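*Asks:* Sharing a model that was predicted from the sequence below.
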Amino acid sequence: MDISKQLETEFKLKPWQVKNTLELIDGGNTIPFIARYRKEATGSLDDQLLRELNDRLAYLRSLEEQKEKVINSITEQELMTDEIMKSIEAAQTMTELEDIYRPFRPKRKTRASVAKAKGLQGLADTIYAQEKGTPSPELLAKDYLNDEVETVEDALQGARDIIAELISDDPKGRKLLRYSLKSNGVLTVKGAEEELGVYEMYKEYSEPVSKIARHRVLAINRGEKEGFLKVSIEYDKAIAIGLLTSLHCKNNNACTDEVNEAIDDAYTRLIFPSIEREIRNELTDSACEKSIKVFSENTRQLLMQPPVKGRVTLGLDPGYRTGCKVAVVDATGKVLDTGVIFPVPEFKRVDEAKKKIKELVKKHNVQIFAIGNGTASHETEVFAAEVIKELDCGITYMVVSEAGASVYSASKLAAEEFPDYDVSLRSAVSIARRLQDPLAELVKIDPKAIGVGQYQHDMPQKELTSALDGVVEDCVNSVGVDLNTASAQLLGRVSGINSSIAKNIVAFREEAGMFTSRQQLKKVAKLGPKAFEQCAGFLRVAESKNVLDNTAVHPESYEAANELLKLCSISESDVRQGNIATLKLKVKSEGTSALAAKLGIGEPTLNDIISELSKPGRDPRDELPQPLLRTDVMGIDDLKAGMELKGTVRNVIDFGAFVDVGVHQDGLVHISQITNKYIKHPSEILKVGDIVTVWVLEVDTKRKRISLTMKKPK
C-alpha cells in the first residue's frame with residue numbers, strides 16, 4: 001500500500017502537503033509546532049486535522065507491519081500463492097487482513113484439527129469437491145475407518161467438521177456475511193433482572209445495527225456489563241445459509257448434502273458467534289471513537305473559557321457537616337487568606353458566616369465570588385447572593401465546575417504547592433483560580449477527571465488519555481505561556497517540553513531570577529536546540545526588551561519581523577503602544593505576496609507576524625464571549641413554563657446539551673429543541689461555555705429535571 005496516496009485520498013490533500021507533513025512528523029516535530037510554524041509546508045493544516053492524519057498514519061504503518069508478519073508466516077508454511085499475496089497487499093483494514101490470515105493462523109485444538117489428526121482430511125476434500133460420479137459419502141467413509149474412527153458416521157462427522165472450519169475460514173464468505181449482518185441485523189436487548197433501574201427503557205428493546213445511536217450502544221454495553229441486560233444480534237439464518245450455499249455448493253448430489261450440513265454447522269457454531277462479536281466490538285469502537293471526539297471538543301471549549309482577569313477572587317468550596325471552605329486569592333492567583341464558614345441555615349451559624357465573608361471582602365477588596373457546584377452548592381449560592389445584596393458594592397459571582405478538584409487537592413502536586421493547607425482548603429483555592437484562568441488551573445488535573453462528556457469511564461482509557469492530552473497540548477500552545485509565572489505543570493504541556501525540562505525551567509527561574517529573553521532558555525539544563533526550536537514560539541517573556549519575545553513570532557522569524565518594522569519605520573516602542581498604522585498601509589500598498597517575497601518568508605508566516613505585532617502579548621481567549629456572572633439566585637421552584645432565561649452551556653452530548661440557568665440543576669435542551677433546522681449532533685450549534693437564551697418547557701421538581709428549548713415561543 002502506498003501510504004502517502006492513501007492519506008491524500010482520505011484527507012483530500014495534495015501530494016506535497018502529505019509528503020511535507022510526514023517528513024515533519026518523522027523529523028520529531030510536535031503537532032502544535034507544525035500547525036503554527038510550518039504552514040507553508042503543510043498548506044496551513046490545523047492542529048486537529050494534523051492529529052487525525054498522524055493517528056491514521058500510525059494505523060496504516062501498523063497495518064503494513066502486520067502484513068509483513070502475515071506474509072512471512074504464510075511463506076514459512078510454504079503455502080503462499082500469487083492470489084494470497086495480492087489479497088494481502090489489497091487489504092485496507094486489520095479485519096480484512098485477519099480474514100485472509102485466518103486459515104493459516106496456528107490454531108488451538110479444534111474439532112477439525114482432531115478430525116485431521118485421525119486422517120480424515122482426504123475424505124473431507126473429496127466430499128467438498130462434490131464431483132459428479134463420486135461414490136456416496138457413506139461408501140467413501142468406509143475407506144477411512146480405523147482404531148480411532150470406528151463407524152461411518154464418525155468418519156462423516158469428522159469430514160463435516162473439517163469442511164465447516166474451511167467454510168468458516170473463507171474470507172469471501174465472512175466478508176459477505178459481515179456486510180449483510182451490519183446491513184440487516186437487529187440489536188436486541190432484554191432485561192436480565194426484574195428491576196432494571198436506569199435501564200428500564202431497554203427491558204424489551206431492538207434497533208437495526210445500521211441505525212443504532214452511539215450513546216445507546218454505550219448505555220446498553222454498560223447495562224450488560226452490570227448484569228441488568230442481555231444483548232444479542234438477531235439475523236435471518238436462511239439468508240446466511242443462502243449466501244454460504246452459493247459459495248460452497250457446486251453440484252446437487254449426496255456429497256452436496258454433506259456440505260449443506262457442514263454449512264449449517266459452520267454458520268451456527270463458528271461464523272455467526274464470531275461475526276456477532278466483531279460487530280458488537282465495531283459498534284463499541286465506533287461509539288467510543290465518536291464519543292472521545294465529543295469529549296475532546298467539550299474539553300477544548302472548557303479549557304479555552306475566557307479568564308476573568310485582574311480581580312481578587314473569593315473561592316467557596318461548599319459543604320454541610322465540615323462547613324464551606326473559603327480561600328481568597330489575588331489577581332495573580334496568590335493565596336491571601338483562608339477559612340471555614342457554615343452558611344447552611346440548619347447549622348444556625350449563617351450570621352457568623354456572613355460576618356466572616358464581609359470581613360474578607362473589605363480586607364482584601366474582593367471583587368468576585370467563585371462557587372463550587374458540588375454538595376450544598378445551592379445553599380451556598382443563596383448565601384452568597386444574600387451577602388452580595390447586603391454589601392451592595394458591585395460584587396458578582398459565578399458557579400464553577402468542581403470536576404476534578406478533589407483529585408487535584410489530594411494529589412502530590414497540590415501537597416507540594418500548598419503544604420500548609422488541608423485538602424479541602426486546596427479545593428477552595430483551585431475553585432477561585434479556575435474562574436481566574438481555567439486553562440492554567442485545569443492543566444494540573446487529569447483531563448479525564450474534568451468530566452465533560454458521556455461514559456468516559458467506559459472509553460478505552462489509552463485512546464481517551466491520548467486524545468485529551470492532545471487537546472490540552474493544543475490549548476496551552478494556542479494561548480501561549482508566560483515563562484516567568486507558569487507552573488511546571490503548565491510548562492510541561494508546551495510543545496517540546498517534557499516534565500523534566502519543565503522542572504528545570506522553574507529551578508532556573510528560582511535560582512537566576514526572572515527570564516529577560518527567550519534566548520536564556522538555551523541555558524536551561526537538558527533544553528537542547530531541538531527543544532528550543534519546538535517551544536520558543538509558545539513561551540512569552542513580557543519583561544524582555546525585545547517586544548517579539550512577548551508574541552507568538554518564532555525566533556527563527558525575528559530577522560524578517562525586524563526587517564518588516566524597518567520597512568514601515570516602526571520602532572519597538574510603537575509596537576508596544578499599538579502605533580502601527582503604517583504597517584497596515586504598507587501591507588495594503590504592496591500586498592502580502594510581494595511583501596512576503598521581499599522578506600524571504602511565506603505569506604502565512606507574514607500574516608501571523610502582522611497579527612502578532614498588532615496585539616503583542618494578546619490572549620486569544622479575550623476575544624471570546626465573557627462568562628455569565630450573576631448577582632442573584634433562583635431555585636427550581638422559581639421556574640415556570642415559558643420563562644426566558646440566560647444560561648451557560650456546561651456539557652454537550654449526543655442527545656442534547658445541559659445548560660446552567662442559575663439554579664442548582666442544569667437544564668436539558670434536547671437536540672430537537674436546539675434549532676428549527678435538522679442537525680446530526682448538538683455540537684454543530686453549541687459548544688461548552690456558550691452563553692445562550694433559553695425558555696423553560698417543563699419543570700419536574702420531584703425528579704429535579706428541567707426541560708429547556710432554544711426555540712423562541714410563538
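*Replies:* On my side now, so go ahead. Numbers count the residues shown, from 1 in each chain.
*Asks:* Within the helices and strands, which one has Leu336?
*Replies:* Secondary structure assignment for Leu336, by DSSP states H and E: strand 335-341.
*Asks:* next SSE after the helix or strand bottoming out on mean pLDDT in the chain?
*Replies:* Considering only helices and strands, the least confidently modelled element of the chain by mean pLDDT, DSSP states H and E is helix 405-409, at a mean of 78. Scanning the chain past helix 405-409 towards its C-terminal end, the next helix or strand to appear is helix 412-417 (assignment: DSSP H and E).
*Asks:* for that following helix, packing partners?
*Replies:* Packing contacts for helix 412-417, counted by 3 or more Cβ pairs under 8 Å, 6 or more residues apart in numbering; DSSP states H and E, involve helix 423-436. Using the backbone N, CA and C atoms, a C-beta is placed for each residue, glycine as well.
*Asks:* Give me the below-cutoff pLDDT ranges for the stretch 401-550 of the chain.
*Replies:* Within the stretch 401-550 of the chain, the segments meeting pLDDT under 70 span 451-454.
*Asks:* and what of the chain?
*Replies:* 451-454, 633.
*Asks:* make it 80
*Replies:* When the per-residue scores of the chain are filtered using pLDDT under 80, the ranges that remain are 347, 403-407, 410, 424, 449-457, 617, 623-635, 662, 664, 714.
*Asks:* Show me how far the host helix or strand of Lys5 is from its chain's centre.
*Replies:* Here Lys5 is covered by helix 3-11, with elements defined by DSSP H and E. Taking Cα atoms, centre = their mean, to the nearest Å, the mean C-alpha location of helix 3-11 is offset from the chain mean by 23 Å.
*Asks:* still on that earlier bit, ok, then the element right after the strand holding Leu336?
*Replies:* Where DSSP H and E defines the elements, the next helix or strand beyond strand 335-341 is helix 350-364.
*Asks:* coming back round to it: what's next to the helix holding Lys5, contact-wise?
*Replies:* Outside helix 3-11, the residues that touch it by Cβ atoms under 8 Å, 6 or more residues apart in numbering are 13-15, 17-19, 22, 49, 52-53, 56-57, 60-61, 64.
*Asks:* repeat that with 10 Å
*Replies:* By Cβ atoms under 10 Å, 6 or more residues apart in numbering, the list of residues contacting helix 3-11 from outside reads 2, 13-19, 21-22, 45, 49, 52-53, 56-57, 59-61, 63-64, 92.
*Asks:* Would you mark the buried spots in that helix?
*Replies:* Neighbour counts using 16 or more other Cβ atoms under 10 Å place Ile3, Ser4, Gln6, Leu7, Glu8 of helix 3-11 among the buried residues.
*Asks:* Thr693: neighbour count?
*Replies:* Neighbour count of Thr693, defined by other Cβ atoms under 10 Å: 10.
*Asks:* Equivalent analysis for Pro555, please.
*Replies:* Residue crowding around Pro555 was assessed by other Cβ under 10 Å; the count is 18.
*Asks:* same check, this time on Leu624
*Replies:* Neighbour number of Leu624 under other Cβ under 10 Å is 14.
*Asks:* ok, Tyr678 - contacts?
*Replies:* So Tyr678 contacts Ile671, Ser672, Glu684 (Cβ under 10 Å, 6+ apart).
*Asks:* Name the member of these that has the highest neighbour count.
*Replies:* When neighbours are taken as other Cβ under 10 Å, the top entry among those is Ile671 (20 neighbours).
*Asks:* Correct me if wrong: that one contacts Lys680.
*Replies:* Yes - at 8.9 Å, Ile671 counts as touching Lys680 under the criterion of Cβ atoms under 10 Å.
*Asks:* joint contacts of the two?
*Replies:* With contacts taken as Cβ under 10 Å, 6+ apart, Ile671 and Lys680 have Asp654 as neighbours in common.
*Asks:* Sheet partners, orientation included, of the helix or strand where Tyr205 lies?
*Replies:* When elements are assigned from DSSP H and E, Tyr205 belongs to strand 204-208. Looking at strand 204-208 with DSSP bridges, its partner strands are strand 186-191 (antiparallel).
*Asks:* Please identify the buried residues of the partner strand?
*Replies:* Val186, Leu187, Val189, Gly191.
*Asks:* One more: stretch 404-412?
*Replies:* By neighbour count, with 16+ other Cβ under 10 Å as the criterion, the buried positions of stretch 404-412 are Gly404, Ala405, Ser406, Val407, Tyr408, Ser409, Ser411.
*Asks:* Redo the residues you listed as CSV? Include distance to Arg703.
*Replies:* Formatted as CSV, those follow (distance: Cβ to Cβ, whole Å):
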residue, distance to Arg703
Gly404, 27
Ala405, 27
Ser406, 26
Val407, 29
Tyr408, 32
Ser409, 31
Ser411, 35
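*Asks:* and of those, the nearest to Val308?
*Replies:* Nearest to Val308, judged by Cβ to Cβ, of these is Ala405 at 17.3 Å.
*Asks:* Please verify my assumption that the closest one contacts Ala327.
*Replies:* No - in this structure, Ala405 sits apart from Ala327 without contact. The criterion is Cβ under 10 Å, and the distance is 11.7 Å.
*Asks:* shared neighbours, the two?
*Replies:* Taking Cβ under 10 Å, 6+ apart as the contact criterion, the common neighbours of Ala405 and Ala327 are Gly315, Asp317, Ser424, Arg426, Ser427, Ala428, Val429, Ser430, Ile431.
*Asks:* quick one: contacts for the last one?
*Replies:* When the contact criterion is Cβ under 10 Å, 6+ apart, the partners of Ile431 are 313-318, 325, 327, 329, 369-374, 399-402, 405, 409, 441.
*Asks:* Okay, and which of those residues map to strands?
*Replies:* With strands defined by DSSP state E, the entries of these inside them are 313-317, 325, 327, 329, 369-372, 399-400.
*Asks:* Which member of these is positioned nearest Ser466?
*Replies:* Relative to Ser466, the closest of these is Val400; by Cβ to Cβ it sits at 27.3 Å.
*Asks:* picking up where we left off before, and the next helix or strand after the strand holding Tyr205, which residues are buried?
*Replies:* The C-terminal neighbour of strand 204-208 among helices and strands, as given by DSSP H and E, is helix 214-225. In terms of neighbour count (16+ other Cβ under 10 Å), helix 214-225 has its buried residues at Arg214, His215, Arg216, Val217, Leu218, Ala219, Ile220, Asn221, Arg222, Gly223, Glu224.
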